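**Q** this one's structure only:
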């Protein structure tokens, strides 16, 4: 197996393009509300109609003691108004060592405010991972759902979910996916901000991944696949710029754990991270 | 000095105060500015006495009642952080405009900006076309154009004027306005000063809004921390602290959300000067000094006191009230309070104005000589909201007892302490399901006086209305929760006029409350209302949305029809957890604070979180009139409505009618 630089950059490129579009929109949105346009408006009392763009790099970090020393990221951005927003969400990792290709899940979702704290979202996801990261057990598994050939597996998915804040300030983004092969999976992530000082904030988070069918090419088994706990302590030098350090613990569960174990890999891994949280 | 016994004497013996000419003369001799910030506007230089004022003495007023104003921009800022201010005749605040009651005001406004501008005469009863709200009363003043405002002055008092276009008001487009009464005033004073409070940020207001839209607590650096948790455990115990945190968490609300934009970006100004510049007004010991306080802040309430001096409130919203001695008052945005103080000692007195959230302050000094500076009082801790602010139904036992400090119990006990829901509200609940209908409910159901609901959710009642001048009873919220624009609407709302407000009332000194305010002479005519119009103030802090009845102004709600000469009761219900200074254009409102025909006249009223306030009004000037929250961002984002007063004898505009 060999990874070419071009292939290696594909997920990175996708994220970069997505972010660029969002940043252009962010600039454009601001320009639209600039004074020059203001005289067109009758009251100046329609500022809630301005299309805004928010870009958040919730995680952008190096994980030094994880295999292949990946740079991991989690982005969320939206463009829209009070009620309707187009979301772009991406998470993944890019190895800085070894031959791995990393992984990327990128979503484009349309969201509508349903209730004061919840938006319903629906859209598509692209899920692409390097096969090197998949514990391959049988020849028969290989290639299923694999479109890119070589050492990368990619699939498209439809996504529906809810974005919002549950009572007690838990941020939730539960999402249900159906892949182009009809495989159903779900992702549940929740996080919480603990304010230690006005600038020092601890963010614990939990992520669960579950699937109905096994998709071995992606290392996915039926049932709850894995659980990840993390806690990141950030210091908001400015609201929009906060370096952080974090710890995380990942554990494969159920059938996934059995397969991982069989492949000779540890079912639970822990690590530290250091990164920066940014938004604009 | 105005104790109850001497009050009638004060009212009986009417001594004309200093004449205008004499006032200007003495002001020129004694008022000085000291400790200037080098970026302060030109008018604040030491050669100019007493604030911008004195316009009547200079050439800018070609004739009595006539002023020429020019709106422009100028670099402005403090401590090296500069922005661009919108100025009036080159200053921030703009010049003092002084008129005499009965005159005709003629004000020529020239727009030298690259965008539209406007001036609204806050609290003045003017013909509709002169009210100055672009899109409501007139198209606005285009760049390069000159607009001539002309209107008769039908009232006396302290007022102010400001732009009603975009963010200009945040950027310095405001100034004081005084109308001297024809009748001699019922109090005496030797000297007077305007104290105009405001807030300034060097950040572009558009950027401020963008930041808040993306993170509503962006400017709040006083959130509760883990440390606060343990301090509260020490003070009230673990159980109560956890219960408190859970109840806030359950509602997804922050008890420290007192102000959206705070001292982390604002510099608080007194007469256009930051605290370091120490605006100073001079006095001779023993003199009676009239201070005309005006809150021209875009987003800041101020708590005002002068340690060591009793303040006697003599006017509210520009109108005479029975003198109330007090030590501190909270001035909501756009309100005016006239107070009289009598400093006896040969020492400086600090005029201290803290922002309501305690994130900053401004101050000035009353001093016998220039160059003096009074002691700055210690800062108080930031207040936190309570269960009452949440609108928790107090009928549910036990909750009131666990509230955190800041819960005020001062003021006269009123029947609002009762917590029983109005039985009539059962009908209200039913009506809540009727979202599409217009005025279709009513008649046969049990709802007291419920006559219908306008398309935007405004509730109309026509029968079984309370006695005029009385305080509303606590009411449970109806079934209509106002949709996704309204997060956690107050379960129960009640009158809170007797409360000084979050963070006040526990310092051991007097704080003015609205139930203490009575008009000087009872209203000659005090009729019961013919109709009640109930509006709910709504918001969603998470998305920073502000609306009325869950409908933003940009959603194009119909104007609310009022009939010329009709006696209406306007009931404002605050379903949010922030205070909103609500302002109705074109008519004085009589605040129903329990004093019947002595209910005070106001142009602006602070509506506390989970408060239910009712006001009476008899609109006579026909046309569309703005009604809105005076927190600039709340207004700009949609907490705004138009009331349409019909022509004399003409029909009311229907709810289906388009925007005028």
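**A** Yep, it's here. The structure presented is a predicted model; accordingly, all values stated were derived computationally and were not measured.
**Q** shaky segments in the stretch 401-550 of chain B?
**A** B:401-449 (pLDDT under 70).
**Q** same thing with the stretch 51-200 of chain B?
**A** Scanning the stretch 51-200 of chain B with the threshold set as pLDDT under 70 gives B:51-61.
**Q** where exactly do the helices run in it?
**A** For the stretch 51-200 of chain B, no helices turn up when DSSP state H, counting those that start in this stretch is the criterion.
**Q** Closest residue of it to chain A?
**A** residue B:135 (3.1 Å; C-beta to the nearest C-beta). For every residue, glycine as well, the C-beta is placed using N, CA and C.
**Q** go on, the stretch 401-550 of chain B?
**A** Nearest to chain A in the stretch 401-550 of chain B, going by C-beta to the nearest C-beta, is residue B:487, at a distance of 3.6 Å.
**Q** so who does the residue nearest to that residue when sequence neighbours are not counted touch?
**A** Take residue B:487 and drop its neighbours on the chain: the residue closest to it by C-beta to C-beta, 6 or more residues apart in numbering or on different chains is residue A:116, 3.6 Å away. With contacts defined as C-beta atoms under 8 Å, 6 or more residues apart in numbering or on different chains, the neighbours of residue A:116 are B:484-488, B:540, B:542.
**Q** What separation do you get for residue B:356 and chain A?
**A** If you measure residue B:356 against chain A using C-beta to the nearest C-beta, to the nearest Å, the figure is 18 Å.
**Q** hmm, back to that, check for me that the residue of the stretch 401-550 of chain B closest to chain A belongs to a helix.
**A** No - residue assignment for residue B:487, taken from DSSP: H, G, I helix; E, B strand; the rest coil, gives coil, which places it outside any helix.
**Q** Would you list the phi and psi of residue B:522?
**A** Note on residue B:522: backbone dihedrals following degrees, to the nearest 10 are phi -60, psi 150.
**Q** Tell me, how many residues neighbour it?
**A** Other residues lying near residue B:522 total 13 when counted by other C-beta atoms under 10 Å in any protein chain shown.
**Q** Could you measure from it over to residue A:207?
**A** When distances are taken as C-beta to C-beta, to the nearest Å, residue B:522 and residue A:207 turn out to be 68 Å apart.
**Q** that older thread, please identify which of the contacts of residue A:116 is nearest to residue B:222.
**A** Closest approach between the contacts of residue A:116 and residue B:222, by C-beta to C-beta: residue B:542, at 18.8 Å.
**Q** Could I get the pLDDT score of residue B:304?
**A** Residue B:304 is assigned a predicted lDDT (pLDDT) of 98.
**Q** Return the backbone torsion pair for it.
**A** Residue B:304 adopts backbone torsions of phi -110, psi 130, taken as degrees, to the nearest 10.
**Q** Stretch B:235-251: how far from the chain's middle?
**A** The gap between the average C-alpha position of stretch B:235-251 and the chain average comes to 32 Å, counting by C-alpha atoms, centre = their mean, to the nearest Å.
**Q** And the longest strand along chain A, what's buried?
**A** Of all the elements of type strand in chain A, the one with the most residues (DSSP state E) is strand A:152-166. Using 16 or more other C-beta atoms under 10 Å in any protein chain shown as the burial criterion, the residues of strand A:152-166 that qualify are A:152-155, A:157, A:159, A:161-164, A:166.
**Q** Then stretch B:521-530?
**A** Buried positions in stretch B:521-530, judged by neighbour count with 16+ other C-beta under 10 Å: B:523, B:529.
**Q** before we move on, back to that, just list the residues touching the residue of the stretch 401-550 of chain B closest to chain A, thanks.
**A** Counting by C-beta under 8 Å, 6+ apart, the residues that residue B:487 touches are A:116-117, B:252-253, B:539-542.
**Q** mind running it again at 7 Å?
**A** Taking C-beta atoms under 7 Å, 6 or more residues apart in numbering or on different chains as the criterion, residue B:487 is in contact with A:116-117, B:539-542.
**Q** among the residues you listed, who's most crowded?
**A** Counting by other C-beta under 10 Å, residue B:539 has the largest number of neighbours within these, with 31 neighbours.
**Q** Specify the beta-bridge partners of that one.
**A** Residues in a beta bridge with residue B:539, per DSSP bridges, are residue B:546.
**Q** show me what contacts residue 155?
**A** All of this refers to chain A. Remark: with contacts taken as C-beta under 7 Å, 6+ apart, residue A:155 is in contact with A:127, A:145, A:179-181.
**Q** was after chain B, sorry
**A** With contact set as C-beta under 7 Å, 6+ apart, residue B:155 has these partners: B:101, B:125, B:179, B:318.
**Q** unless I'm mixing things up, the last one is touching residue B:123, no?
**A** Yes - with contact defined as C-beta atoms under 7 Å, residue B:318 reaches residue B:123; the gap is 5.6 Å.
**Q** All set now, cheers.
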